[in-house]
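> heads up, no residue letters with this:
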């Protein structure tokens with residue numbers, strides 16, 4: 001990363017850990033609640049928390065009248081489509097496999113950032129992005145043992161990835177126009193309200209089982225994964241090169257696989273270890289300094 005600071009490293013470590021654990025936690029929560037309603041409620045709860053924080057610490061920085069379209073588009077791409085597609089898709093595929101497909105996202109971010117934002121692109125970065133995705137794919141092989149893949153689940157995972165990639169690059173492009181705390185708060189609120197309304201109309205509220213386990217899962221996902229996680233993610237995207245920041249998210253399926261093993265007793269496989277090596281190598285390549293004058297970066 002450009003800053004190379006300990007603060008940035010801690011933010012990245014927190015983000016990949018929280019979002020990695022999110023996949024098995026969400027899979028576990030779906031045993032107590034229908035998907036769309038759960039997606040809306042957890043997002044709305046995270047938005048309310050950040051609304052309180054933004055109202056206290058960022059008063060006067062909302063500027064909604066001039067920037068409402070940014071909030072709306074970001075909400076649609078990063079929250080409504082991302083969480084709705086993700087939550088529904090997890091019902092069709094194992095969490096490890098689904099997350100592996102979703103993490104085509106860093107490759108898409110790299111391409112879109114090069115074309116749309118003018119981020120530098122060179123051979124080492126291309127190799128790193130490809131290796132990262134291959135590593136995620138290798139990790140996912142362990143999730144297929146004794147299971148069958150669903151075409152519907154694969155399509156939903158790909159759609160989730162595309163939505164998230166466009167949302168990430170859009171936020172990076174508009175980062176100087178909106179306050180990051182308000183951006184996350186408003187998009188979570190808009191997305192949460194819309195998905196909660198759709199869920200309430202299509203899924204019975206009484207089908208939610210408010211057990212102690214579900215309440216604990218709901219609180220962890222709403223506060224740590226969604227509210228704090230999205231704030232950290234967009235803070236990193238706004239201050240660093242989008243492709244490099246996105247490359248670290250290749251670690252999320254790895255953490256998801258280990259968390260699934262610990263929480264859901266999924267096996268630690270050779271494919272997981274092999275995928276780890278490929279992911280680490282990919283992050284190194286993506287974050288290498290620009291090549292020398294003998295190797296000119298590719299331009300759009």
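All right, it came through fine. The shown structure was predicted, so the numbers you read here are calculated from the model rather than taken from an experiment. Numbers count the residues shown, from 1 in each chain.
> got the contact list for residue 154?
Residue 154 sits next to 93, 101 when contact means CB atoms under 8 Å, 6 or more residues apart in numbering. The way it works is simple: take the backbone N, C-alpha and C, and place the C-beta from them, glycine included.
> spell out the residue ranges of the helices in the stretch 1-150 of the chain.
Ranges of helices within the stretch 1-150 of the chain are 6-29, 35-57, 64-75, 82-89, 95-102, 105-112, 123-141, based on DSSP state H, counting those that start in this stretch.
> with distance to residue 170, mean pLDDT and mean neighbour count added, can I get those in a markdown table?
As requested, the helices of the stretch 1-150 of the chain are exported to a markdown table (distance: least, CB to CB, whole Å; pLDDT from 0 to 100; neighbours: other CB atoms under 10 Å):
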| stretch | distance to residue 170 | mean pLDDT | mean neighbour count |
| --- | --- | --- | --- |
| helix 6-29 | 19 | 88 | 19 |
| helix 35-57 | 18 | 90 | 21 |
| helix 64-75 | 6 | 88 | 15 |
| helix 82-89 | 12 | 82 | 24 |
| helix 95-102 | 18 | 72 | 27 |
| helix 105-112 | 9 | 80 | 24 |
| helix 123-141 | 19 | 76 | 22 |
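> make CSV out of these and add distance to residue 237.
Below are the helices of the stretch 1-150 of the chain laid out as CSV (distance: least, CB to CB, whole Å):
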stretch, distance to residue 237
helix 6-29, 11
helix 35-57, 16
helix 64-75, 11
helix 82-89, 14
helix 95-102, 17
helix 105-112, 9
helix 123-141, 16
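> nearest to residue 225, out of those helices?
When those are compared by CB to CB, helix 6-29 sits nearest residue 225, at 4.4 Å.
> which other residues reach the closest one?
So helix 6-29 is contacted by 1, 38, 86-87, 90, 95-96, 98-99, 213-214, 217-218, 220-221, 224-225, 228-229, 232-233, 235-236, 239-240, 245, 248-249, 251-256, 258-260, 263-264 (CB under 8 Å, 6+ apart).
> now the angle from that helix to helix 82-89?
With axes from the mean of the first three to the mean of the last three CA atoms, to 10 degrees applied, the angle from helix 6-29 to helix 82-89 works out at 40 degrees.
> quick one: which of the helices of the stretch 1-150 of the chain is nearest residue 196?
helix 35-57 (3.3 Å).
> where's residue 280 relative to residue 72, distance?
Distance, residue 280 to residue 72, by CB to CB, to the nearest Å: 38 Å.
> same check, this time on residue 6
36 Å.
> what's the ChimeraX line that selects buried ones from the contacts of helix 6-29?
Those of the contacts of helix 6-29 that count as buried under 16 or more other CB atoms under 10 Å are selected in ChimeraX with:
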select :1,38,86,87,90,95,96,98,99,214,217,218,220,221,224,225,228,229,232,233,235,236,239,240,245,248,249,251,252,253,254,255,256,258,259,260
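> next step: the contacts of helix 6-29 restricted to strands.
In strands, defined here by DSSP state E, there are no members of those.
> narrow the contacts of helix 6-29 to those in helices?
Mapping these onto helices (DSSP state H) picks out 38, 86-87, 95-96, 98-99, 213-214, 217-218, 229, 232-233, 235-236, 239, 245, 251-256, 258-260, 263-264.
> hmm, back to that, looking at the helices of the stretch 1-150 of the chain, which is nearest to residue 193?
Shortest distance between residue 193 and these, using CB to CB, is found for helix 35-57: 6.3 Å.
> packing partners for that closest one?
Under the contact definition 3 or more CB pairs under 8 Å, 6 or more residues apart in numbering; DSSP states H and E, helix 35-57 sits against helix 82-89, helix 180-202, helix 212-219.
> pipe the ones you listed into a markdown table and attach distance to residue 106 per row.
Output for the helices and strands packed on helix 35-57, formatted as a markdown table (distance: least, CB to CB, whole Å):
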| stretch | distance to residue 106 |
| --- | --- |
| helix 82-89 | 15 |
| helix 180-202 | 20 |
| helix 212-219 | 27 |
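> between those helices, which one is nearest to residue 155?
Nearest of the helices and strands packed on helix 35-57 to residue 155, taken as CB to CB: helix 82-89 at 8.3 Å.
> who are the packing partners of the closest one?
helix 35-57, helix 95-102, helix 151-173, helix 180-202.
> out of the helices and strands packed on helix 35-57, which gets nearest to residue 157?
Using CB to CB, the nearest of the helices and strands packed on helix 35-57 to residue 157 is helix 82-89, at 5.4 Å.
> can you give the contact residues for that closest one?
26, 30, 35-36, 38-39, 43, 98, 102, 152-153, 156-157, 159-160, 163-164, 167, 191, 195, 198.
> one more pass at 7 Å, please.
Residues outside helix 82-89 that contact it (CB atoms under 7 Å, 6 or more residues apart in numbering) are 35-36, 38-39, 43, 98, 153, 156-157, 159-160, 163-164, 167, 191, 195.
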